[in-house]
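Trainee: Pasted the sequence and its predicted model underneath.
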Amino acid sequence: MPSVTVTVRFAPSPTGRIHIGNARAALFNALFALRLGGRFVLRFDDTDRERSREDLKLAIADDLAWLGIRPDLMLSQSDRTDLYDQAAERLKAAGRLYACYETPDELERRRRRQLARGLPPIYDRAALKLTEAEHAALAAEGRRPHWRFRLDGRSVAWTDLVRGEQIVDTASLSDPVLIREDGTYLYTLPSVVDDIALGISHVIRGEDHVTNTGVQIEIFEALGGPVPAFGHYNLISTVSGEALSKRLGSLSIGSLRAAGYEPMAVASLSVLIGSAEEIHAYRSLAELAGHVDLARVSMSTAKFDPHELDTLNARLVHGLAFEAVAERLADLGIPGASGIDPGAFWDAVRPNLVTVPEAAQWWRIVVEGPQMVPPSEGEAGAAPTPADTAFLAQARAMLPPEPWDETTWGTWTKALQAATGRKGRDLFLPLRRALTGVDHGPELKKLLPLIGWRRTSARLP
Ligand SMILES: Nc1ncnc2c1ncn2[C@@H]1O[C@H](COP(=O)(O)OP(=O)(O)OP(=O)(O)O)[C@@H](O)[C@H]1O
């Protein structure tokens, strides 16, 4: 038996930056191709000329690259109109595409009449009954037709990769408009024509397309193309259940990038939520691909919780070696001309970070001292009590001489404990507040050698 070459596609409209839901679509396809050695096509669905933008195509490709997705082929539907014209002519010749002249107002009036009579509000195919002479008269009036696909009106069935057996009864649907009055194509026909031309073997997309698939299968068959396999996964909503929209910019990949999240935390969460898989931040798409199974995707909406992203991101960041972040730290000005070992700094602060850019806050604390804006909520800020001030002055007097290392903090605080009788919180908290300005943070035994004698001494009264 000849083996089917796996070819999948992600087909966004370039009308906004992609969001976490679009990333789910792109990733399900890319991971499917990765697992089966297939090809991934990025196809811009830009038949709506008014709203599509060239710069957004570049931004989408860039966001995908950030997620680790590099398409094998990239194309735009606006460059392929000839193919759609040819397909439309074939459908017209076969009597499957017919001209209609109703205005939106007329259609709305008919729809209301049908509803009032308790009938389903589907297009009544009045245009199919127009005679040649009536067509000619309408054309003579200067009316331009839109074109509808004549559905078979049958049960279209497929075995969905996610949802199992699916049936769409096309008798319950209006014949879809494929071509607008101005001659431009709606999404439906170009999508099928391209899927055939590009040899798309599997169409993996959101469940918002299930009904559409019933219609498109009829078009695949009318054009004599092979019908691909389909998988419709559940959509992502915000945690409060709101739908996402590219045009509104909600949860965009661009904003998550700018906030400093790791691509693999974003990628892992966007495909693992709303499925039976355990949620875990994998370190590469190849690794993630082994843990994504369309058959285990759930049927209910997947809620995207930013706290969950923080948890996954923090886990990844805590495991990042200095070499993996050196360039990003350099972009944050670390180590600059400070003379501080950036590797030792990274080692000290990474267990306390949710994102890599948060390292900059600790850097400022190490180099410049307590900041006006503390790095996390609910911090001290209050001036030390007179007793604490006296204790801190004594601490300054007892600072061990340099060189300092990770044992210095222990030596210093033990000596202070013996001299003052302070222990635990009373001993450590005034020191931490004086040196960093906050109550929590990286281990002081690691921070102290980075801060160094001169800066430490200057922060004590
Ligand atoms: N919330 C979502 N969750 C998962 N997948 C989604 C979500 N929204 C869209 N998709 C998928 O993203 C792919 C690209 O779709 P499309 O470009 O139409 O995105 P969109 O966000 O719905 O667009 P727009 O907001 O511009 O109307 C489709 O496969 C679609 O099913």
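Mentor: On my side now, so go ahead.
Trainee: switch to C-alpha atoms for all contacts and neighbour counts from now on
Mentor: Fine.
Trainee: Which positions in the stretch 201-350 of the chain make contact with the ligand?
Mentor: Residues of the stretch 201-350 of the chain lying close to the ligand by C-alpha under 6 Å from any ligand atom are 205-206, 208, 235-237, 243-247.
Trainee: buried stuff in stretch 71-78?
Mentor: Across stretch 71-78, burial judged by 16 or more other C-alpha atoms under 10 Å covers 71, 76-78.
Trainee: In JSON lines: those, plus distance to residue 116 and secondary structure.
Mentor: As requested, these are exported to JSON lines (distance: C-alpha to C-alpha, whole Å; DSSP: H, G, I helix; E, B strand; the rest coil):
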{"residue": "71", "distance to residue 116": "50", "secondary structure": "coil"}
{"residue": "76", "distance to residue 116": "43", "secondary structure": "strand"}
{"residue": "77", "distance to residue 116": "40", "secondary structure": "helix"}
{"residue": "78", "distance to residue 116": "41", "secondary structure": "helix"}
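Trainee: beta partners for the closest residue to the ligand within the stretch 301-450 of the chain?
Mentor: Residue of the stretch 301-450 of the chain nearest the ligand, by C-alpha to the nearest ligand atom: residue 302 (7.9 Å). Per DSSP bridges, residues listed as beta-bridge partners of residue 302: residue 236.
Trainee: pretty sure it contacts residue 235?
Mentor: Yes: counting by C-alpha atoms under 8 Å, residue 302 touches residue 235, with 6.1 Å between them.
Trainee: In CSV, list the C-alpha atoms belonging to stretch 191-204.
Mentor: Output of stretch 191-204 as CSV, limited to C-alpha atoms (Å, rounded to 0.1, in the frame of the first residue of the first chain):
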residue,chain,number,x,y,z
SER,A,191,-9.2,26.6,1.5
VAL,A,192,-10.4,23.4,-0.3
VAL,A,193,-8.7,24.2,-3.6
ASP,A,194,-5.4,24.8,-1.7
ASP,A,195,-5.8,21.7,0.4
ILE,A,196,-6.1,19.7,-2.8
ALA,A,197,-3.3,21.5,-4.6
LEU,A,198,-0.9,21.2,-1.7
GLY,A,199,-1.7,17.6,-0.9
ILE,A,200,-2.9,18.4,2.6
SER,A,201,-3.4,15.0,4.3
HIS,A,202,-4.7,16.1,7.7
VAL,A,203,-6.7,19.2,8.5
ILE,A,204,-6.3,19.9,12.2
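Trainee: buried stuff in that stretch?
Mentor: So, applying 16+ other C-alpha under 10 Å, buried residues of stretch 191-204: 191-196, 199-204.
Trainee: can you check stretch 436-447 too?
Mentor: Of the residues in stretch 436-447, those buried (16+ other C-alpha under 10 Å) are 436-442, 444-447.
Trainee: Mean confidence (pLDDT) on that stretch, please.
Mentor: The average pLDDT for stretch 436-447 rounds to 96.
Trainee: Other residues contacting it?
Mentor: 344-345, 348-349, 351-352, 365-366, 369-371, 374-375, 379-381, 405-410, 429, 432-433 (C-alpha atoms under 8 Å, 6 or more residues apart in numbering).
Trainee: Filter these down to just the ones in helices.
Mentor: When the contacts of stretch 436-447 are checked against helices (DSSP state H), the matches are 344-345, 348-349, 365-366, 408-410, 429, 432-433.
Trainee: so where do the helices sit in the stretch 251-400 of the chain?
Mentor: 253-258, 263-272, 285-289, 306-318, 322-331, 342-349, 359-368, 386-397 (DSSP state H, counting those that start in this stretch).
Trainee: As CSV, the ones you listed with mean pLDDT and mean neighbour count would be great.
Mentor: Converted to CSV, the helices of the stretch 251-400 of the chain look like this (pLDDT from 0 to 100; neighbours: other C-alpha atoms under 10 Å):
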stretch, mean pLDDT, mean neighbour count
helix 253-258, 96, 17
helix 263-272, 98, 25
helix 285-289, 97, 18
helix 306-318, 97, 19
helix 322-331, 97, 14
helix 342-349, 98, 19
helix 359-368, 96, 18
helix 386-397, 95, 16
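Trainee: which sections of the stretch 51-200 of the chain are below the confidence cut-off?
Mentor: Along the stretch 51-200 of the chain, no part satisfies pLDDT under 70.
Trainee: where along it do the helices fall?
Mentor: Under DSSP H, counting those that start in this stretch, the stretch 51-200 of the chain gives helices at 54-67, 81-93, 104-116, 132-140, 188-197.
Trainee: wait, does the first one make contact with the ligand?
Mentor: No: against the ligand, helix 54-67 shows no contacts by C-alpha under 6 Å from any ligand atom, the least distance being 10.4 Å.
Trainee: Pull out the buried positions in that helix.
Mentor: 56-57, 59-61, 63-64, 66-67.
Trainee: Show me what that helix is packed against.
Mentor: helix 263-272 (3 or more C-alpha pairs under 8 Å, 6 or more residues apart in numbering; DSSP states H and E).
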